[in-house]
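1. Sharing a sequence plus its predicted fold:
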Amino acid sequence: MADPLSASRLKATLVREGCSVREYRDWETHRRPPSTGAFGPINGVMMHHTVTGPGTDVVALIYNGHSSLPGPLSQGCITKSGTVWLTSAGRSNHAGLGDSDVLRAVINESYGDYPPPDNQANTDGNARFYGFECENLGDGEDPWPRVQYVAMVKAAAAVLREYGWTAKSVIAHKEWQPGKVDPRGIDMKTFRRDVAACLALPAGSWGPEQEDSMAITNADADKIATAVLNRDGLIVIPGAPADNPTYTTKYAFTEILKRVDALTAKVDALETTGLTDTQMQAVAEKVADVLAARMES
Ligand SMILES: [Zn+2]
């Protein structure tokens, strides 16, 4: 049984983790009324995106809510500049109804890279999770600045450390409630790996210098995919004529088969090496196998 943290303890643990913390208005007492449900027992932390861009006072929005969803919309709001704004110390409207199998996996901290599929909406998440709303348009294009990402990792780690939990106790809204996609662009396997790295160090000592410089984010993967595929999902072939830089998948495979034929011809031309026809055939087949494997990977 894990009781909610007091407002002062929530703030203290975030500060100790090295977060840049600001307090918004009456956050310590601002909460959903008890008639809307309990707050606790606490089982984990949930990450979100705000679906806001420049020009929106995102902290005010998370504190106040909007016409269809009254605030507070989470306990904390993490801006693009990496500031962790405290907007509530109590029950907030962020998690909605989610999947009891996911909750069980989080409580037991027993799952692989991702929790089980969130295909049920049968459990009150606002009672069970601290929520961090993170400023992002959520369109899959809006980037996550490094300073904001680091603040997100630290904020999640701060709460988990306070309870003595592992990185498996932080999940995304998209892993909790059917139909949700937030925080879009954040791969939770990578996020939990970074939270685990943070938790492995003393509070406040994890930072970008400890990160694996070889790790690629979802945003990086998107950039690579964009370079290889154009808007229509066509493969861009390096060396293709400038006036026709893209081919459909069918053309791409035709091109690859042409190259296999060319290679086969070259292997055939190696007959002067004294290889028998059978050996030559084996080499050609091996080359074709290797190329086929590359095409599939
Ligand atoms: Zn959300």
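-> Sure, I can see it. Numbering: from 1, shown residues only.

2. what residues does the stretch 151-297 of the chain put near the ion?
-> Within the stretch 151-297 of the chain, the positions near the ion by C-beta under 5 Å from the ion are 173, 182. (C-beta placed from N, C-alpha, C; glycine too.)

3. mind listing what the closest residue to the ion within the stretch 151-297 of the chain touches?
-> Nearest residue of the stretch 151-297 of the chain to the ion: residue 173, at 3.4 Å (C-beta to the ion). Shown in contact with residue 173 (C-beta atoms under 8 Å, 6 or more residues apart in numbering): 46-48, 94-95, 180, 182-183.

4. and the residues you listed, which two are the farthest apart?
-> Maximum pairwise distance in these, criterion C-beta to C-beta, is 13.2 Å, between 95 and 183.

5. Which of the contacts of residue 173 sits closest to residue 28?
-> Taking the contacts of residue 173 together and measuring to residue 28 by C-beta to C-beta, the closest member is residue 94, at 17.7 Å.

6. where does the closest residue in space to the closest one that isn't next to it in sequence land in three-state SS?
-> Spatial nearest neighbour of residue 94, chain neighbours left out: residue 131 (3.4 Å); criterion: C-beta to C-beta, 6 or more residues apart in numbering. Using DSSP: H, G, I helix; E, B strand; the rest coil as the criterion, the local structure at residue 131 reads strand.

7. Please tell me I have it right and residue 131 contacts residue 90.
-> No: Residue 131 is beyond contact range of residue 90, at 11.5 Å (criterion: C-beta atoms under 8 Å).

8. Could you report the distance from residue 184 to residue 197?
-> Residue 184 is 23 Å from residue 197, where distance means C-beta to C-beta, to the nearest Å.

9. What of residue 37?
-> Taking C-beta to C-beta, one finds residue 37 at 34 Å from residue 197.

10. hmm, back to that, which of residue 131 and residue 90 has more neighbours?
-> More neighbours surround residue 131 than the other of residue 131 and residue 90, with 25 against 19 (other C-beta atoms under 10 Å).

11. who's in contact with that one?
-> Contact analysis of residue 131 by C-beta under 8 Å, 6+ apart lists 45-48, 73-76, 92, 94-95.

12. While we're on it, how confident is the model there?
-> At residue 131, the pLDDT value in this model is 98.

13. And residue 45, by the same measure?
-> 98.

14. Now the phi/psi pair for residue 124, please.
-> phi -70, psi 100 (degrees, to the nearest 10).

15. From residue 191, how far out is it?
-> In this view, residue 124 and residue 191 are 24 Å apart by C-beta to C-beta.

16. Which of the two has more residues huddled nearby?
-> Each of residue 124 and residue 191 has its neighbours counted (other C-beta under 10 Å); residue 191 has more, 22 against 16.

17. part of a strand, is the more buried one?
-> No: under three-state DSSP, residue 191 sits outside any strand and is assigned helix.

18. show me what contacts it?
-> Taking C-beta under 8 Å, 6+ apart as the test, what residue 191 contacts is 47, 152-153, 156, 170, 172.

19. Neighbour count, secondary structure and distance to residue 139 added to the residues you listed, as a markdown table?
-> Conversion of those to a markdown table gives the following (neighbours: other C-beta atoms under 10 Å; DSSP: H, G, I helix; E, B strand; the rest coil; distance: C-beta to C-beta, whole Å):
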| residue | neighbour count | secondary structure | distance to residue 139 |
| --- | --- | --- | --- |
| 47 | 28 | strand | 17 |
| 152 | 25 | helix | 18 |
| 153 | 28 | helix | 22 |
| 156 | 29 | helix | 23 |
| 170 | 28 | strand | 23 |
| 172 | 24 | strand | 17 |
